[in-house]
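Q: take this sequence and fold it.
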Amino acid sequence: METLKNTAFSVPARNEVSATNQAIFDQLNKALGFVPNLYATIGYSDNGLERYLNFQNAKTSFSNKEKEAINLVVSEVNGCIYCLSAHTVIGKMNGFSDEQLLDIRKEKSDNPKLRALVVLAADITRNKGNVNEENLENFFEQGYTKEHLVDLILQVSDKTAMNYLHNLTKVPVDFPLAQSI
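A: Numbering: from 1, shown residues only. Below you'll find the predicted structure:
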């Protein structure tokens, strides 16, 4: 039986990951000024970091602002303080106010289209895709399409993977901590 010492996660340093991941660490450092701890943790997998970043950075029908709203509400439902903290910072960079960010986490928004998006994203996350029909109808009534629905499910899966990774590893949060709601 493994002991806690063998299953505890630390953030791997550059010299502790594969050459492929070292190159990705260098790219992240150049682009962001640092390698976020959760990305570094993916570096335990020789192929995982490249695979994840390709998935995360793939084109989508959503704006960056919509993606951040999805990321926030999914992270709230999944109870991931790391992702809540990171996406609060990124949400501000995409034009959300502190109040709007907190509202999104509560599945609210003054914008009916954004509200329909976050309500459905939370419903998908909470109920594993078995959503309330009214939430789905409202999503479509607000102008979203079947393409958006597919992209929403993919975005939920992207963020859920990261939420689960942090909830399991509990690596240190290297962003300003998101406030509790």
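Q: all the helices of this structure, residue numbers only.
A: 4-7, 19-32, 37-42, 48-56, 64-77, 81-93, 98-105, 112-126, 133-141, 146-169 (DSSP state H).
Q: could you tell me the least trusted of these?
A: Lowest mean pLDDT within those: helix 4-7, at a mean of 62.
Q: and residue 35, how far is that from residue 71?
A: Separation of residue 35 from residue 71 (CB to CB, to the nearest Å): 19 Å. The way it works is simple: take the backbone N, C-alpha and C, and place the C-beta from them, glycine included.
Q: can you redo the helices of the chain as JSON lines with distance to residue 181?
A: As requested, the helices of the chain are exported to JSON lines (distance: least, CB to CB, whole Å):
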{"stretch": "helix 4-7", "distance to residue 181": "31"}
{"stretch": "helix 19-32", "distance to residue 181": "27"}
{"stretch": "helix 37-42", "distance to residue 181": "21"}
{"stretch": "helix 48-56", "distance to residue 181": "25"}
{"stretch": "helix 64-77", "distance to residue 181": "7"}
{"stretch": "helix 81-93", "distance to residue 181": "9"}
{"stretch": "helix 98-105", "distance to residue 181": "5"}
{"stretch": "helix 112-126", "distance to residue 181": "13"}
{"stretch": "helix 133-141", "distance to residue 181": "20"}
{"stretch": "helix 146-169", "distance to residue 181": "16"}
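Q: just give the nearest non-adjacent residue to the residue positioned nearest the centre of the chain, would you?
A: By CA atoms, centre = their mean, the chain has its centre lying nearest to residue 159, at 3.4 Å. Nearest residue to residue 159, sequence neighbours excluded (CB to CB, 6 or more residues apart in numbering): residue 74, at 4.2 Å.
Q: what is the burial count for the nearest residue to residue 52 once chain neighbours are set aside?
A: Spatial nearest neighbour of residue 52, excluding adjacent residues (CB to CB, 6+ apart): residue 42 at 5.6 Å. By other CB atoms under 10 Å, the residues close to residue 42 number 23.
Q: just list the residues touching residue 42, thanks.
A: 48, 49, 52, 165 (CB atoms under 8 Å, 6 or more residues apart in numbering).
Q: with neighbour count added, can I get these in JSON lines?
A: As requested, those are arranged in JSON lines below (neighbours: other CB atoms under 10 Å):
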{"residue": "48", "neighbour count": "16"}
{"residue": "49", "neighbour count": "24"}
{"residue": "52", "neighbour count": "19"}
{"residue": "165", "neighbour count": "21"}
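Q: for the residues you listed, work out which two are farthest apart.
A: 49 and 165 (11.4 Å; CB to CB).
Q: any chance you could list what contacts stretch 75-94?
A: Taking CB under 8 Å, 6+ apart as the rule, stretch 75-94 contacts 36-38, 64-65, 68-69, 71-72, 74, 98, 100-101, 104-106, 122, 125-126, 159-160, 162-164, 166-167, 171, 173, 175-178, 181.
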